[in-house]
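Student: Pasting the sequence and the predicted model now:
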Amino acid sequence: MDDIVKLNVGGREFLVGQSTLTLKSLYFATLLNGDFSHQLINDHIFIDADPDMFGHILRYLRRLEYPLFYKNGEFEYSVYDQLRVEAEFFGLERLEKWIWNKEFQNVVVVERHTREILEFVDDDVTRLELGSFLELYNKAHDPDPLPANVKLEFLSQKAGTKAVWQCPRGIVVHHTANRCGRQCQKCDNYGETRAAPCMAHYRTFAKTIVFFDRLKEK
Ligand SMILES: [Zn+2]
């Protein structure tokens, strides 16, 4: 049976198995050997450290898995830096080095897919904002809606002209693709194309985040 160690870290109480603390941490191995004195608060060993950071330390000690601080596509460098200082304090050399060498940058693989959407629009393209762009995107990829871990970036749009099908009867839904029927084919000017006034050009990045197992300490 593993002994339970009661800790009070910066005012927050933790219960931890003794071997969890002593296996990796020189600090705790020394402390629990009685090699240096400590203060007790309500039967708990007081440690003057940040309890939030200690929570991360403890998660690492329990599962030997490096911490991932990654939010909105960015690593949280300041959190890593705080944790590095704590790792040094608690004598966790491998964790400290892992952060110091920024090895966390290797555990997240971001796949970037470029997709272009070309959509003919009848009036001013500059009026197309991101919202309608997303609408176009979803329409273009229906029935394959965007997965939750995909983030879209709006990159660019440009205006130009393009030869498009012209319905001789002026039926709007016959434009863009040739949807003319027999009635249209009887018209004199059937078969003509015209230069469309503008064309929106959108390029997207679809980001997919993949986590590799390099978080596990080897
Ligand atoms: Zn037509």
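Tutor: Arrived safely, thanks for sending. Residues are numbered from 1 along each chain as shown.

Student: Okay, strands next: where are they in this protein?
Tutor: Under the criterion DSSP state E, strands of the chain are mapped to 4-9, 12-17, 40-41, 44-47, 70-71, 74-75, 108-120, 150-154, 162-165, 193-196, 199-211.

Student: which other residues reach the third one?
Tutor: Taking contacts as CB atoms under 8 Å, 6 or more residues apart in numbering, the residues outside strand 40-41 that touch it are 8, 46. The way it works is simple: take the backbone N, C-alpha and C, and place the C-beta from them, glycine included.

Student: Report the mean per-residue pLDDT for that strand.
Tutor: Averaging pLDDT along strand 40-41 gives 91.

Student: And the chain, what are its domain boundaries?
Tutor: Domain segmentation of the chain under automatic domain parsing yields 4-106, 110-211.

Student: least reliable of those domains going by mean pLDDT?
Tutor: When the domains of the chain are compared by mean pLDDT, domain 110-211 comes last with a mean of 63.

Student: buried stuff in stretch 78-86?
Tutor: 79, 80, 82, 83, 84, 86 (16 or more other CB atoms under 10 Å).

Student: Who are the contact partners of the residue nearest to the second one when sequence neighbours are not counted?
Tutor: The shortest distance from residue 80 to any residue other than its chain neighbours is 5.1 Å, reached at residue 99 (CB to CB, 6 or more residues apart in numbering). Contact partners of residue 99, counting by CB under 8 Å, 6+ apart, are 80, 81, 83, 84, 87.

Student: ok, so of the residues you listed, who is nearest the ion?
Tutor: Closest approach to the ion among the contacts of residue 99 (CB to the ion): residue 80, at 62.2 Å.

Student: wait, doesn't the closest one sit right on residue 105?
Tutor: No. Counting by CB atoms under 8 Å, residue 80 stays clear of residue 105, with 10.1 Å between them.

Student: got the contact list for stretch 13-27?
Tutor: 2-8, 28-29, 32, 44, 54, 58, 61-62, 64, 89-94.

Student: Kindly recompute the last result at 6 Å.
Tutor: Here stretch 13-27 makes contact (CB atoms under 6 Å, 6 or more residues apart in numbering) with 2-7, 28-29, 32, 44, 61-62, 90-92.

Student: Closest one to residue 75 out of the residues you listed, please.
Tutor: For the contacts of stretch 13-27, the residue nearest residue 75 by CB to CB is residue 92; the value is 19.4 Å.
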